[in-house]
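> quick one, fold the following:
(chains A and B)
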Amino acid sequence: MSADLNSFAWLLDRLAYEPRRNGKLALMTDYFRRTPDPERGHALAAMTGQLSFANAKAGLIRTLIAERTDPELFALSYDYVGDLSETVALMWPATRARDGIGHNLPAPTLAAIVAGLADADRRALPAMLAGWLDQLDETGRWALLKLITGGLRIGVSARLAKTAVAGLGALPVDAIEEVWHGLTPPYEALFAWALGEGPRPEADDPAPFRPAMLAHPMEDADFERLDPAAFSAEWKWDGIRIQASSGLDAAGRRVTRLYSRTGEDISGAFPELVEAMAFDAAIDGELLVLREGRVQSFNVLQQRLNRKTVSARLMAEFPAHIRAYDLLVDGREDIRALPLAARRQRLDALLQTRKPARFDISPELPFSTWEELVAARAEPADVGAGADADAIEGLMIKRSDAPYVPGRPKGLWFKWKRAPGLIDCVLMYAQRGHGKRSSFYSDFTFGCWRTGETGEELVPVGKAYFGFTDAELAELDRFVRKNTINRFGPVREVTHTATSGLVLEIAFEGLQRSTRHKSGVAMRFPRIHRIRWDKPPGEADRLDSIERLMAGATPARSSEPEG
Amino acid sequence: MRPHELLTPTPAGLYCPPADVYIDPVRPVARALITHGHADHARAGHGAVLATRETLGIMAVRYGEAFTTARQEAAWGKPLHIGAVSFTFHPAGHVLGSAQIAVEAGGLRIVASGDYKRAPDRTCAAFEPVRCDVFITEATFGLPVFRHPDTAGEVAKLLDSLALFPERCHVIGAYALGKAQRLVALIRDAGYDRPIHVHGAMEKLMGFYEANGVPLGETRKVAAADRKTLAGEIVICPPSAVQDLWSRKLPDPVTAFASGWMRIRARARQKGVELPLIVSDHADWDDLCATIREVGAPEVWVTHGQEDALVRWCALNGIRARPLRLAGYGDDGEAEGSGDLPDSRGASDER
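You can find the predicted model right below:
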């Protein structure tokens, strides 16, 4: 395979259609293996969001195509395709090899494009871009236009791309995470290390990301198996997992970073936290919004998420806070091998002495039996959570003698969420799934009743595509095929009247108001909890009961138990 | 004679009044001339059918020997006279036996090209440009965004995927007549020599192509019991079977679809395709334009597909053109009857 943009475009094209994680990994690892430096490194940068081209915008692309095509033909084409980059990539007038009179210019490499765009001034850009488009094929042009407009939607996270690099050899992906933030494109040392051809790249970053330790859900059977005396418990806050890492570089300057659970650097969105981190440490905790000492709901926190920069007004209105529960590095000492109890003591001491603003410790809950925890989980307000009870989504139960182990080790940390909300909804539409499920109707849209202008009607309230077993999926699929009343492309409408249709008991983690949904409600993590073959659709829940749930504090069973 | 007196669109199809025959009629008529065997062009139940030997054979395979009361074989390039009108069949390069029909009377020649393509295809005779006064062209891919890539690259995509995922079955949706056989030929030409597994609906047509001098290597009909054993194999089936119960037993399938429509990402995604293969039996935009220039017709009638853009292109290039609104041909051109196309337009996928 030649190492030019056409070959990277080929990869992006395949990734865009491949729904499965393992499929994506195989494609990326294969590409990294076949492609030499520095091209593969630039590709890795593109897929991990490390490239950004500020100069090239949609307007420039429109201008270029307008100079080359008839406006009416362009309008007809754009209308049909529905995507600017794709339309331009396909319509771009290029001589085809089959005509035998094409050019023999090689396609540009990604490296050349990165260098060209970095150096180009605005006036040179149109001619340079047009030159590259002339040299690429349809897929290459599509990839280039998607790259420079920042619209690369291939369903690959930075973590997945790094996992593919790790797949070149025997490295665990977390080893790559630890050095990642000290590296820059085109990552030659990283590839050499991953392939076993070079040493671990020097990580001279004083504030690197350390891969997070994750929990398993607590199962009922665990309580009989586990000794409560070996565990400690704390609240599970409904915020964002965050790692606050800070240290001094070789020149004595402070380097401070906030990382998401997956190692994404989100410091830019939280300058007030960065400012508060005048300590040498790596703290694991929960990002929350606190107003007058009270933890706000996840809904409120969302106003601060997914922003590159932040205004003073936003910071005042949504003040960020970190509730710390673990310490990974204390000064220059990596303490991840110490038991949790010792790490907590060090964390407490650090916060006591440094007293960083906007940080506090997540308290431990004293308990001696699991029954006490059951009570705490049911009513956090009664056991000290006070006014913050609404922002608690359950409990974390951690083995006191466990070291900090990246990933999801078995038997050390457990999350035990509060009982989810449950409502009975009526199946309205079904859509076929992907991959293994491509022959099954496995994505289900469901609704609740409300009084409309013409009487009782169902309004869609959510969509779920998991929660059922394979056997249940087969039954659901059969039901959809037998009860279809309408088809819209890949979507089928199934019968849903008061007397005929299927009731699904839907479990969810939370509710929020939404202007994007017809019902005015958006659910968090909806899933099919039970299929109510026995229940007539007319007896499913009404939108009012969801609205009541939203007004109330905690999700709970909304309808009366069956009589 | 003026063009519309020689050929005129009617609800039953394109009609030639002086000879009293229809070309590719969509309803049963007394006398029909058929360009090729796809179901929306070749229907059963006419009184008499004139078509190439291969097309007559394909109709017999699909509808049974009783598909028409009387039949007559049209020889390539030999004018056949019906009253004052002569009809000549020329290769269209679309599928085996596909023809353009040149209709000539009183010094006026109209070429009804049916469906055609210009890309190389060893499973049928190559398109032959015929100079004419009026050229009737299809416009299935009549938008400048439709530019079919080199088929070798598309087959390489398939074989690469097979090498990368050797434990998965690669199931390819392809129209039973023409596309399926061409795809097998292309895969063979790329050096793949393992048996290729085909859906029962295309088995007879595979045999028909072989019997008509198109070697396809070993193709095996997929029996219900075999489906589980096809890991790492290539399976070709009608598009409707890909996403239906039929494919469910295939081991961990990679879903591919071979069609010109795969050029448009939204369209491929809408069908849940994981490996789109842009392989078409229709002319793409560049070839439509090149062909119109080549036949030199001062007037062009544009039918089934994206008529507007091609009419616009003709206007920009000083060629008189008008859309010929013929009903009854698959909106998608490649459809062989609604059963073959599970599509946004709501065709059944269970028939």
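> from here on, just use CA atoms for contacts and neighbour counts.
OK.
> and chain B, which residues reach chain A?
For chain B, the residues found near chain A under the criterion CA under 8 Å from any CA of the partner chain are B:143-147, B:150, B:164, B:242-245, B:247-248, B:252-255, B:264, B:266, B:269-275, B:309, B:312-313, B:342-346.
> run a quick neighbour tally on residue 191.
Picking chain A for this. Counted with other CA atoms under 10 Å in any protein chain shown, the burial measure for residue A:191 works out to 25 neighbours.
> think we crossed wires, I meant chain B
Each residue near residue B:191 was counted by other CA under 10 Å, and the total is 9.
> before we move on, what about residue A:301?
The local packing count at residue A:301 equals 20, with neighbours defined by other CA under 10 Å.
> the residue nearest to it when sequence neighbours are not counted and residue A:320, how far apart?
Of all residues beyond its chain neighbours, the one nearest residue A:301 is residue A:289 (5.6 Å), with distances taken as CA to CA, 6 or more residues apart in numbering or on different chains. If you measure residue A:289 against residue A:320 using CA to CA, to the nearest Å, the figure is 5 Å.
> check residue A:498 too.
Distance, residue A:498 to residue A:320, by CA to CA: 47 Å.
> same question for residue A:305.
Taken as CA to CA, the span from residue A:305 to residue A:320 is 11 Å.
> out of those two, which sits in the more crowded spot?
For residue A:305 against residue A:320, the residue with the higher neighbour count under other CA under 10 Å is residue A:320, and the figures read 21 against 13.
> the stretch 1-150 of chain A: strands as residue ranges?
If you assign secondary structure with DSSP state E, counting those that start in this stretch, the stretch 1-150 of chain A ends up with no strands.
> my guess is residue A:40 meets residue A:28, correct?
No: look at residue A:40 against residue A:28 with CA atoms under 8 Å: they stay out of range, at 9.9 Å.
> please say which of these two ends up with more neighbours.
Neighbours of residue A:40 and residue A:28, each counted by other CA under 10 Å, are more numerous for residue A:28; the result is 29 against 26.
> nearest spatial neighbour of that one, chain-adjacent residues omitted?
Using CA to CA, 6+ apart, the closest residue to residue A:28 is residue A:164 (5.8 Å).
> need the contact list for that neighbour.
With contact taken as CA atoms under 8 Å, 6 or more residues apart in numbering or on different chains, residue A:164 is in contact with A:25, A:26, A:28, A:29.
> could I get the phi/psi values of it?
phi -70, psi -40 (degrees, to the nearest 10).
> taking the stretch 301-450 of chain A, what residue is nearest to chain B?
Distances from the stretch 301-450 of chain A to chain B, computed as CA to the nearest CA, single out residue A:439 as the nearest residue at 4.6 Å.
> that residue: helix or strand, and which one exactly?
When secondary structure is defined by DSSP states H and E, residue A:439 falls outside every helix and strand.
> that one touches residue B:250, doesn't it?
No: between residue A:439 and residue B:250 there is no contact under CA under 8 Å: 10.6 Å.
> ranges for the strands of the stretch 201-350 of chain A?
Listed in chain order, the strands of the stretch 201-350 of chain A (DSSP E, counting those that start in this stretch) span residues A:216-217, A:231-237, A:240-248, A:254-260, A:281-291, A:294-295, A:320-330, A:333-334.
> and the second one, which strands flank it?
In the sheet containing strand A:231-237, the strands it pairs with under DSSP bridges are strand A:364-365 (antiparallel), strand A:392-399 (antiparallel).
> what bits of the stretch 51-200 of chain B have low per-residue confidence?
Residues of the stretch 51-200 of chain B that meet the criterion pLDDT under 70 are absent altogether.
> which parts of it are helices?
Counting by DSSP state H, counting those that start in this stretch, the stretch 51-200 of chain B has helices at residues B:53-63, B:151-164, B:179-189, B:200-211.
> any chance of the ones you listed in TSV, with mean neighbour count and distance to residue B:173 too?
Listed next are those as TSV, based on neighbours: other CA atoms under 10 Å in any protein chain shown; distance: least, CA to CA, whole Å:
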stretch	mean neighbour count	distance to residue B:173
helix B:53-63	20	19
helix B:151-164	17	13
helix B:179-189	22	8
helix B:200-211	18	12
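> closest to residue A:133 out of those helices?
Among the helices of the stretch 51-200 of chain B, helix B:151-164 comes nearest to residue A:133, with 19.4 Å by CA to CA.
> between the closest one and helix B:179-189, how big is the angle?
Orientation note: helix B:151-164 sits at an angle of 70 degrees relative to helix B:179-189 (axes from the mean of the first three to the mean of the last three CA atoms, to 10 degrees).
> elements contacting helix B:151-164?
Helix B:151-164 makes packing contacts with helix B:179-189, strand B:275-277 when contacts are defined by 3 or more CA pairs under 8 Å, 6 or more residues apart in numbering or on different chains; DSSP states H and E.
> among these, which is nearest residue A:329?
Evaluated over those, closeness to residue A:329 peaks at strand B:275-277, with 46.6 Å, by CA to CA.
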